[in-house]
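A.B. asks: Curious how this folds, go ahead:
(one chain, ligands or ions: 1)
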Amino acid sequence: MQVIRNATLADGRVRDVRVDGERVDAVGEDLDGETLVDATGKRLLPGMIDVHVHFRQPGFSHKETWASGSRSAAAGGVTTVVDQPNTDPPTVTGAAFDEKAAFAAESVVDWGINGGVTADWDPESLFDRPLFALGEVFLADSTGEMGIEADLFEAACERAADEDVVVTVHAEDADLFADAARDRDDADAWSAYRTPEAEETAVERAVAVGNDADATIHIAHTSTPEGVDAAKAGGATCEATPHHLFLSREDLDDLGTFGRMNPPLRSEARREALFERLADGRVDVVATDHAPHTREEKDASVWDAPSGVPGVETALPLLVQAASEGRLSFERVRDVTAANPAAVFGLPRKGRVEAGADADLVLVDPDHSTEIRGDRLHSACDWTPFEGLGGVFPELTMVRGTVVWDGESVADGDGENVRA
Ligand SMILES: [Zn+2]
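C.D. replies: Residues are numbered from 1 along each chain as shown. As a prediction, this is how the structure comes out:
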């Protein structure tokens, strides 16, 4: 059995952690066993569970594949990823689930697949598969420009309640977008167009429908303090992304259309208020919405560039950097990246460093910050919106007892469906 020695856990305790096969065998002092690593002065955290990635396969493998995306995850301390359904074909039938699962089998880290809801949704075949959750489901506005109609959203919530799965919702109401911004062509126009009010109102609607159906609602990528507060007021859980926590509209001068995503970057004041809710516990989960596109695709006008930025490899490094600067506690980092996603989505073996849990572990040295650079990342996407920011990257990532990242290279892993 292998022992990680003298590691500082998220709560500050210094302990040995012994791994037996795929599980943590013991957490204690002076444990017998072969030393895998001396972790004196370093932090040992449970691996991040990123419940929101777009690994693009099938359909868009020029942007990312399960192989490249999961390698990027491993190098960033992410040990479980959950893929969203907007691939080609979209994951709305059992057959589409099977097609994606065959690609996911190449993942280095553990994985889950969310089922989508569109007009072609086939719940019978979809729920016949080991689904992670429904998501990210988009409730339509009256324009019909985005999302699904209200009656289908309601039916999806009712079915999800019966099946005991969470409904992850993309909450933006296009009725409340600011059409005046359409006359502009600077990158900030996207933020001016997709207003904070559009998020708050959509969160309120989704939570109300979900509560009527007795469904468990999780709001994806809340980008505003108003969105977080509306989710909490309705009893829903919510997630925030690293780009909404670490970037704001002020960064768009530099980022241009490379900073376009949905929901968009917000004002610096809203970013600060969102970060405050992360630090004090109102934000339940940090998930990346890792959504890679090529440079060529992003290099277009603000109205034509595709939405989305990569982030799976830089999320934990940015959070650990913030913790090392005292901007949030290591316990909060542990909770939003591991303990809370495990609790919200029902993963009893994951998200904690305790005897009996899966040995999904990440070792970081908070004193060793480096500059984030796109050309050092492992995604097929060779750019990052966080270029030049400080990050604390893992020295070791372990998935169910197997070291998949040793600080220099990604090893072959054997990721499994966490629902199988
Ligand atoms: Zn997404």
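A.B. asks: hey, where'd the strands end up in the stretch 201-350 of the chain?
C.D. replies: Along the stretch 201-350 of the chain, the stretches classed as strands by DSSP state E, counting those that start in this stretch are 217-219, 237-240, 285-286.
A.B. asks: Mind listing residues that contact the shortest one?
C.D. replies: Applying Cβ atoms under 8 Å, 6 or more residues apart in numbering, the external contacts of strand 285-286 come out as 51, 218, 237-242, 245, 278, 315, 319, 336-337, 340-341, 344. Placement of C-beta: from N, CA and C, glycine included.
A.B. asks: from the middle of its chain, how far away would it be?
C.D. replies: 7 Å (Cα atoms, centre = their mean, to the nearest Å).
A.B. asks: For it, give the mean pLDDT please.
C.D. replies: For strand 285-286, the mean per-residue pLDDT is 98.
A.B. asks: what about the helices in the stretch 1-150 of the chain?
C.D. replies: Secondary structure of the stretch 1-150 of the chain (DSSP state H, counting those that start in this stretch): helices at 66-75, 94-104, 123-126, 150-163.
A.B. asks: just the stretch 151-300 of the chain next, same as before
C.D. replies: 189-193, 196-212, 225-233, 242-246, 252-255, 268-280, 295-298.
A.B. asks: now those helices in CSV, with mean neighbour count, mean pLDDT and distance to Thr384?
C.D. replies: Formatted as CSV, these follow (neighbours: other Cβ atoms under 10 Å; pLDDT from 0 to 100; distance: least, Cβ to Cβ, whole Å):
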stretch, mean neighbour count, mean pLDDT, distance to Thr384
helix 189-193, 21, 98, 19
helix 196-212, 21, 97, 24
helix 225-233, 22, 98, 24
helix 242-246, 25, 98, 10
helix 252-255, 16, 98, 10
helix 268-280, 17, 98, 18
helix 295-298, 14, 98, 12
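A.B. asks: Mind putting those into a markdown table with distance to Leu45?
C.D. replies: Output for those, formatted as a markdown table (distance: least, Cβ to Cβ, whole Å):
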| stretch | distance to Leu45 |
| --- | --- |
| helix 189-193 | 33 |
| helix 196-212 | 29 |
| helix 225-233 | 23 |
| helix 242-246 | 16 |
| helix 252-255 | 29 |
| helix 268-280 | 16 |
| helix 295-298 | 32 |
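A.B. asks: wait, which of the ones you listed is closest to Pro123?
C.D. replies: Pro123 lies closest to helix 196-212 among the helices of the stretch 151-300 of the chain, at 16.5 Å (Cβ to Cβ).
A.B. asks: Quick one: list the elements packing against that closest one.
C.D. replies: Helix 196-212 sits against helix 150-163, strand 167-170, strand 217-219, helix 225-233, with contacts defined as 3 or more Cβ pairs under 8 Å, 6 or more residues apart in numbering; DSSP states H and E.
A.B. asks: Of all those, which one is nearest Lys298?
C.D. replies: It is, among the helices and strands packed on helix 196-212 and with distance given as Cβ to Cβ, strand 167-170, at 20.4 Å.
A.B. asks: Tell me the strands beside that closest one, with direction?
C.D. replies: strand 134-138 (parallel), strand 217-219 (parallel) (DSSP bridges).
A.B. asks: pLDDT averaged over it - what is it?
C.D. replies: In the prediction, strand 167-170 has an average pLDDT of 97.
A.B. asks: buried ones in it?
C.D. replies: Buried residues in strand 167-170, counted by 16 or more other Cβ atoms under 10 Å: Val167, Thr168, Val169, His170.
A.B. asks: Out of the strands paired with strand 167-170, which is closest to Arg5?
C.D. replies: strand 217-219 (37.4 Å).
A.B. asks: gap between that closest one and the chain center?
C.D. replies: 13 Å.
A.B. asks: what's next to it, contact-wise?
C.D. replies: 133, 135, 157, 166-169, 171, 203, 206-207, 210-211, 227, 231, 234, 236-239, 284-285, 344-345.
A.B. asks: what's the spacing between the closest residue to Pro225 other than its chain neighbours and Ala279?
C.D. replies: Using Cβ to Cβ, 6 or more residues apart in numbering and skipping the chain neighbours, the partner closest in space to Pro225 is Ala273 (3.8 Å). Per Cβ to Cβ, to the nearest Å, Ala273 is found 11 Å from Ala279.
A.B. asks: Then Thr397?
C.D. replies: Where Ala279 is concerned, Thr397 sits at a distance of 25 Å (Cβ to Cβ).
A.B. asks: helices and strands of the chain: which one bottoms out on pLDDT?
C.D. replies: strand 134-138 (a mean of 92; mean pLDDT, DSSP states H and E).
A.B. asks: Could you chop the chain up by domain?
C.D. replies: Following automatic domain parsing, the chain resolves into domains at 2-43+357-405, 48-345.
A.B. asks: okay, those domains in CSV with distance to Ala411 next?
C.D. replies: Converted to CSV, the domains of the chain look like this (distance: least, Cβ to Cβ, whole Å):
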stretch, distance to Ala411
domain 2-43+357-405, 5
domain 48-345, 8
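A.B. asks: wait, which of these is closest to Arg419?
C.D. replies: Checking the domains of the chain against Arg419 by Cβ to Cβ gives domain 48-345 as the closest, at 4.0 Å.
A.B. asks: Need the distance between the two termini of that closest one.
C.D. replies: 14 Å (Cα to Cα, to the nearest Å).
A.B. asks: Which one, of the strands of the stretch 201-350 of the chain, ends up nearest to Asp251?
C.D. replies: Among the strands of the stretch 201-350 of the chain, strand 237-240 sits nearest to Asp251 (Cβ to Cβ), with 16.4 Å.
A.B. asks: what separates the closest one from the chain centre, distance-wise?
C.D. replies: 10 Å.
A.B. asks: Could you do stretch 230-244 as well?
C.D. replies: 13 Å.
A.B. asks: May I have that stretch exported as CSV, CA atoms only?
C.D. replies: Provided in CSV are the C-alpha atoms of stretch 230-244 (Å, rounded to 0.1, in the frame of the first residue of the first chain):
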residue,chain,number,x,y,z
ALA,A,230,-32.5,34.0,-6.9
ALA,A,231,-31.3,30.4,-7.0
LYS,A,232,-30.8,30.3,-3.3
ALA,A,233,-34.1,32.0,-2.6
GLY,A,234,-35.9,29.3,-4.5
GLY,A,235,-34.0,26.4,-2.8
ALA,A,236,-31.9,25.5,-5.9
THR,A,237,-28.2,24.9,-5.9
CYS,A,238,-26.0,26.9,-8.3
GLU,A,239,-22.5,26.9,-9.8
ALA,A,240,-20.1,29.6,-10.9
THR,A,241,-17.4,29.4,-13.5
PRO,A,242,-13.8,30.5,-13.2
HIS,A,243,-14.2,33.1,-16.0
HIS,A,244,-17.1,34.8,-14.1
